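Q: need coordinates for the below:
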Amino acid sequence: MYFWLKVLHIAAMAVWFTGLFFLPRLFVAHQRGEIDADRAYFNPAANLLFFRIMTPAALVTTVIGAILMAWNPDGAWLVMKLAVVTLAILIHLYLGVILYQLGQGKPRHGPWFYRTLGWIPLALILAIAALTGAKPDTAGDLPPPPIHAGR
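A: Numbering: from 1, shown residues only. Purely as a prediction, here's the structure:
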């Protein structure tokens, strides 16, 4: 069961982060007036990506991640990973705000901002992979989490 939950968690995270990479690209195309900027394409494509693909994948990722924490709840890596995941959730929510503003015809940023925003998920997924792979018990000079005190 644990193995299949991990597989589903990783698959949902891959789908979610793919959306986090692609949605800012749609925003760039919208701002630059490219062919993807046509309202007949942009609104359905961006809404489908955000509401029907990214958000359910984000929910599956976080719910299964919370379930998986019950099996292995210790280590500083988990606290650091949760901090990075929180940033990913905040980026996701901010992309939703931007999508709403663009849908209302009220762009607040230019293409350069959206291009830069599109690189943030890469840094986040690399940090998540590094923390999950290394699983450090401590964070530098910080003491280990309290669960280690009883061992």
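Q: and stretch 87-101, what's buried?
A: Using 16 or more other CB atoms under 10 Å as the test for burial, stretch 87-101 gives 87-88, 91-92, 95, 98-99. Quick note: C-beta positions are derived from backbone N, CA and C, even for glycine.
Q: please export the C-alpha coordinates of it as PDB.
A: Output in PDB follows, covering the C-alpha atoms of stretch 87-101 (Å, rounded to 0.1, in the frame of the first residue of the first chain):
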ATOM      1  CA  LEU A  87       5.900  27.800  -1.300                       C
ATOM      2  CA  ALA A  88       4.600  25.700  -4.200                       C
ATOM      3  CA  ILE A  89       1.000  25.900  -3.000                       C
ATOM      4  CA  LEU A  90       1.400  29.700  -2.600                       C
ATOM      5  CA  ILE A  91       2.700  29.900  -6.200                       C
ATOM      6  CA  HIS A  92      -0.200  27.800  -7.300                       C
ATOM      7  CA  LEU A  93      -2.700  30.100  -5.600                       C
ATOM      8  CA  TYR A  94      -0.900  33.200  -7.000                       C
ATOM      9  CA  LEU A  95      -1.200  31.800 -10.500                       C
ATOM     10  CA  GLY A  96      -4.900  31.500  -9.900                       C
ATOM     11  CA  VAL A  97      -5.100  35.100  -9.000                       C
ATOM     12  CA  ILE A  98      -3.200  36.100 -12.100                       C
ATOM     13  CA  LEU A  99      -5.500  33.900 -14.200                       C
ATOM     14  CA  TYR A 100      -8.500  35.600 -12.800                       C
ATOM     15  CA  GLN A 101      -7.000  39.100 -13.500                       C
END
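Q: from the middle of its chain, how far away would the helix or strand of the chain with the lowest mean pLDDT be?
A: Lowest on mean pLDDT, DSSP states H and E among the helices and strands of the chain sits helix 39-47, with a mean of 87. Distance of helix 39-47 from its chain centroid, counting by CA atoms, centre = their mean, to the nearest Å, is 21 Å.
Q: mind giving me the packing neighbours of it?
A: Judged by 3 or more CB pairs under 8 Å, 6 or more residues apart in numbering; DSSP states H and E, the packing partners of helix 39-47 are helix 2-32, helix 76-103.
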